[in-house]
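> The following block contains a protein sequence and its predicted model.
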Amino acid sequence: MNPLSLAAAVAHPPEPVSPKVLRAAQDFEAVLLNSFLQAMQQAFSALPGADSKSAGSEDYSYMGTQALASQLARGGGLGIAHQIAARLQRTKV
């Protein structure tokens with residue numbers, strides 16, 4: 001942890017977040033990651049020398065990308081979920 005993030009953590013300690021709020025934020029981050037990963041996959045599959053797709057491979061590819069995005073979000077992802085959850089927790093009435 002760098003000194004700047006440590007100072008920010010001390011100045012604003014993280015508030016406890018409801019598991020439901022965190023799960024919703026992680027689901028949202030998974031959707032964002034999924035769209036990003038699919039765009040990357042389409043860009044790289046269009047490269048010369050890439051295999052032609054067989055029947056059904058697009059469906060498996062989509063499910064694999066979706067599972068990867070979901071697990072990345074559950075494991076911390078890009079940190080978007082924690083920021084969203086903290087913001088939602090603060091604005092909760």
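Received the coordinates, thanks. Numbering: from 1, shown residues only.

> quick one: low-confidence ranges for this structure?
The chain contains residues with pLDDT under 70 at 1-15, 47, 49-55, 92-93.

> all helices of it, in order?
3-11, 19-45, 57-74, 80-91 (DSSP state H).

> ok and the last one relative to helix 57-74, angle-wise?
Between the axis of helix 80-91 and that of helix 57-74 there is an angle of 50 degrees, by axes from the mean of the first three to the mean of the last three CA atoms, to 10 degrees.

> May I have helix 80-91 exported as CSV, CA atoms only?
What follows is helix 80-91 as a C-alpha-only set of coordinates in CSV (Å, rounded to 0.1, in the frame of the first residue of the first chain):
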residue,chain,number,x,y,z
ILE,A,80,-15.5,-0.4,-8.9
ALA,A,81,-17.8,-2.6,-6.8
HIS,A,82,-16.3,-1.5,-3.5
GLN,A,83,-16.6,2.2,-4.5
ILE,A,84,-20.2,1.8,-5.6
ALA,A,85,-21.1,-0.2,-2.5
ALA,A,86,-19.5,2.4,-0.2
ARG,A,87,-21.4,5.2,-2.0
LEU,A,88,-24.7,3.4,-1.8
GLN,A,89,-24.2,2.6,1.8
ARG,A,90,-23.6,6.3,2.6
THR,A,91,-26.7,7.5,0.7
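
> Okay, buried residues for it please.
I80, A81, H82, I84, A85, A86, Q89 (16 or more other CB atoms under 10 Å). Where C-beta positions appear, they are placed from N, C-alpha and C, glycine not excepted.

> ok, now stretch 64-74?
Buried residues in stretch 64-74, defined by neighbour count with 16+ other CB under 10 Å: T65, Q66, A69, S70, L72, A73.
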